[in-house]
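Chemist: Structure here, sequence nowhere to be found:
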């Protein structure tokens with residue numbers, strides 16, 4: 001599946017610098033707002049978030065980030081709530097509470113009267129998949145919930161927390177609308193199967209959900225019962241991932257699917273309190289992902305073989321860097337891991353960076369168009385992780401490419417570097 005890494009609403013730093021009227025009045029936090037300092041989040045930087053909340057009202061970093069967060073949250077206020085019950089089709093189980101999606105790169109066979117079984121065209125998305133709404137709605141719900149929760153955390157405004165809680169309850173907790181904790185019917189191929197382990201990549205949006213829940217802690221909108229309910233849902237889903245045949249198949253995947261499987265396991269394990277599972281999964285990333293996926297020169301052959309090789313290379317590396325980010329908090333250093341023959345995350349970054357900088361021409365397939373700024377989030381994470389002259393080099397390239405990727409998450413990654421504040 002082509003990794004779609006949608007940026008949030010663009011809110012350029014340049015707007016703030018050139019139009020101070022827009023940025024000069026960042027909302028103040030209502031004194032009654034009780035928020036966790038720092039919040040219990042896993043991919044977002046908890047100390048960075050706390051620093052923004054506690055910064056002075058005229059702090060430029062606060063002004064930029066809070067305004068961007070509000071812009072994203074205000075858009076999310078008008079969307080949803082979403083539910084697996086919205087789809088017009090019923091899964092093979094007969095239960096619409098089961099998630100369902102169709103494989104995006106499979107098309108009707110023109111040589112067959114009924115088009116079955118469908119045949120694969122890598123990188124070419126069949127618009128027919130939109131007829132089943134679960135995938136798009138789960139993605140939007142997760143992104144919106146985190147955007148709303150982040151705006152609540154920064155501003156203390158209860159309406160943001162109320163809306164985020166509504167989205168989460170509707171998708172996960174309300175008996176009439178909730179999703180069952182499995183992906184048995186993810187990315188089915190018409191005429192071949194009703195679901196595949198590959199479909200588990202669609203639940204990677206859960207990393208936004210766990211951070212959203214952490215940001216809502218202390219809000220009146222999010223109760224102890226809500227917290228217990230979503231923890232139980234995630235515990236059941238984690239068990240399904242690890243014990244079902246589809247989950248085991250995705251775990252065994254050698255390419256980006258294995259990477260995103262591990263990220264979900266680590267993130268959910270930490271959320272539900274299974275730190276031992278999280279650490280064990282992070283440790284095996286060294287030998288089962290980095291050592292297998294990355295060549296000594298930094299190439300990722302399994303991703304380069306795709307028709308959107310730049311997108312897939314960046315997508316897999318993004319997953320590895322997110323694992324490294326969580327690993328830093330869990331006591332497992334993936335940033336500096338290197339095999340005896342020099343396979344490493346850093347080698348993969350250094351392979352892609354000259355192409356993003358325009359120093360080399362991308363000579364692999366990329367039918368979806370070459371977008372150099374796809375590397376920006378990885379560069380900001382690398383700048384913070386490696387520091388020194390290497391880190392400054394990554395930061396400088398990220399800054400050069402960042403003009404079209406200034407969503408709040410990118411701003412937070414950038415502003416985690418003291419030199420960039």
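Modeler: That came through, no problem. All figures in this text were calculated on a predicted structure; none of them were measured in a lab.
Chemist: Contacts only, for residue 292.
Modeler: Contacts for residue 292 were tallied using C-beta atoms under 8 Å, 6 or more residues apart in numbering; they are residue 254. Glycine gets a C-beta too; all of them are placed from N, C-alpha and C.
Chemist: What strand or helix carries it?
Modeler: Using DSSP states H and E, the element containing residue 292 is helix 291-293.
Chemist: next SSE after that helix?
Modeler: As assigned by DSSP H and E, the chain's next helix or strand after helix 291-293 is helix 301-304.
Chemist: Report the separation between residue 291 and residue 337.
Modeler: Note on residue 291: its distance to residue 337, by C-beta to C-beta, to the nearest Å, is 9 Å.
Chemist: now do residue 113
Modeler: Residue 113 is 53 Å from residue 337, by C-beta to C-beta.
Chemist: who has more neighbours, these two?
Modeler: Higher neighbour count among residue 113 and residue 337: residue 337, with 19 against 6, using other C-beta atoms under 10 Å.
Chemist: excluding its backbone neighbours, what's nearest the more buried one?
Modeler: With sequence-adjacent residues excluded and distances taken as C-beta to C-beta, 6 or more residues apart in numbering, residue 337 is closest to residue 286, at 4.9 Å.
Chemist: For the closest residue to residue 54 other than its chain neighbours, which residues are in contact?
Modeler: Counting by C-beta to C-beta, 6+ apart, residue 37 is the residue found nearest to residue 54 once chain neighbours are left out, at 7.3 Å. Residues in contact with residue 37 (C-beta under 8 Å, 6+ apart) are 50, 53, 54.
Chemist: Same check on residue 159?
Modeler: Going by C-beta under 8 Å, 6+ apart, residue 159 touches residue 77.
Chemist: before we move on, what about residue 46?
Modeler: Residues counted as contacts of residue 46 (C-beta under 8 Å, 6+ apart) are 38, 39, 40.
Chemist: Could I get the contacting residues of the second one?
Modeler: For residue 39, the contact set (C-beta under 8 Å, 6+ apart) comprises 46, 49, 50, 153, 214, 215, 217.
Chemist: and of those, the nearest to residue 70?
Modeler: residue 153 (11.6 Å; C-beta to C-beta).
Chemist: what's the average pLDDT for the helix holding residue 292?
Modeler: For helix 291-293, mean pLDDT is 98.
Chemist: Can you flag which of the contacts of residue 39 belong to helices?
Modeler: Among the contacts of residue 39, the members falling in helices (DSSP state H) are 46, 49, 50, 153, 214, 215.
Chemist: Count residues in the vicinity of residue 106, would you?
Modeler: 23.
Chemist: residue boundaries of the strands in this protein?
Modeler: Secondary structure of the chain by DSSP state E: the strands cover 100-102, 106-107, 119-120, 185-188.
Chemist: Serialize those to TSV and add fields for distance to residue 317 and mean pLDDT.
Modeler: Converted to TSV, the strands of the chain look like this (distance: least, C-beta to C-beta, whole Å; pLDDT from 0 to 100):
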stretch	distance to residue 317	mean pLDDT
strand 100-102	25	98
strand 106-107	26	98
strand 119-120	24	98
strand 185-188	22	98
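Chemist: Could you dump the ones you listed into a markdown table and include distance to residue 389?
Modeler: Shown next, in a markdown table, are these (distance: least, C-beta to C-beta, whole Å):
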| stretch | distance to residue 389 |
| --- | --- |
| strand 100-102 | 45 |
| strand 106-107 | 47 |
| strand 119-120 | 45 |
| strand 185-188 | 43 |
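Chemist: who wins for proximity to residue 263 among those strands?
Modeler: For the strands of the chain, the distance to residue 263 is smallest for strand 185-188, at 16.6 Å, taking C-beta to C-beta.
Chemist: who does that closest one touch, helix- and strand-wise?
Modeler: strand 100-102 (3 or more C-beta pairs under 8 Å, 6 or more residues apart in numbering; DSSP states H and E).
Chemist: so how many other residues sit close to residue 359?
Modeler: Neighbours of residue 359 using other C-beta under 10 Å come to 8.
Chemist: Could I get the contacting residues of it?
Modeler: Residue 359 touches nothing, counting by C-beta under 8 Å, 6+ apart.
Chemist: tell me the phi and psi of it?
Modeler: phi -80, psi -20 (degrees, to the nearest 10).
Chemist: roughly how far apart are it and residue 262?
Modeler: 32 Å.
Chemist: Repeat that for residue 394.
Modeler: Residue 394 is 23 Å from residue 262, by C-beta to C-beta.
Chemist: Next: residue 417.
Modeler: Counting by C-beta to C-beta, the gap from residue 417 to residue 262 is 26 Å.
Chemist: next one: residue 317
Modeler: For residue 317 relative to residue 262 (C-beta to C-beta), the value is 14 Å.
Chemist: residue furthest from the geometric center of this protein?
Modeler: residue 113 (39.9 Å; C-alpha atoms, centre = their mean).
Chemist: Next one: that residue from residue 133, what distance?
Modeler: Remark: distance between residue 113 and residue 133 (C-beta to C-beta) = 28 Å.
Chemist: same deal with residue 360?
Modeler: Distance of residue 360 to residue 133, given as C-beta to C-beta: 41 Å.
Chemist: Of those two, which one has the most company?
Modeler: The residue with more neighbours, out of residue 360 and residue 133, is residue 133; 19 against 12, by other C-beta under 10 Å.
Chemist: Spatially nearest residue to the more buried one (excluding sequence neighbours)?
Modeler: Per C-beta to C-beta, 6+ apart, closest to residue 133 is residue 87, 4.9 Å.
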